[in-house]
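Participant: model the structure of this input:
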Amino acid sequence: MYIVSVYVAQFSSVESETVLKLRLANQADTDFIEVDLMNSRKTLAELTTLITAELKISANDIVKIRKLPNTIIRRDKDVNRLKDYQEIEVVFACQQMKTEQFVASGRPSNPLAGAVLY
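Facilitator: Model prediction:
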């Protein structure tokens, strides 16, 4: 009988991170980019900072952050529950204004509403 000793190394200097898929809402380009959020920094403020840096938008322009398909991220607890490769969509003020102007003009919010497609 042989006794085998196994040594497991722990790397305390290496932080683990969560990989998120990120995109802007209501864009012609529907592709996601992958971003890394450090697990030690899983807060709404850090997520917002990451979003603004990666998507080149101002934090003041963010209307809401959505975990797809339909969950709004609004607290640190929500950010802390994010798992690897979850899809995050950012709605920003420019999009909101365009939608409101379109609806205010009397046009339907969906340009294909009522259209017959063949």
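
Participant: any idea how many residues pack against the nearest residue to Thr18 once chain neighbours are set aside?
Facilitator: In this structure, Thr18 finds its nearest non-sequential neighbour in Leu37, 5.0 Å apart by C-beta to C-beta, 6 or more residues apart in numbering. (Glycine included, C-beta is placed from N, CA and C.) Residues within reach of Leu37, counting by other C-beta atoms under 10 Å, total 21.

Participant: and Leu37, how far is that from Cys94?
Facilitator: 24 Å (C-beta to C-beta, to the nearest Å).

Participant: may I have the helix or strand where the residue nearest to Thr18 lies as CSV, with CA atoms only?
Facilitator: If you go by DSSP states H and E, Leu37 is part of strand 33-38. Provided in CSV are the C-alpha atoms of strand 33-38 (Å, rounded to 0.1, in the frame of the first residue of the first chain):
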residue,chain,number,x,y,z
ILE,A,33,-17.9,42.3,-25.9
GLU,A,34,-16.4,40.3,-23.0
VAL,A,35,-15.2,42.2,-20.0
ASP,A,36,-13.7,41.1,-16.8
LEU,A,37,-15.0,42.2,-13.4
MET,A,38,-12.9,41.4,-10.4
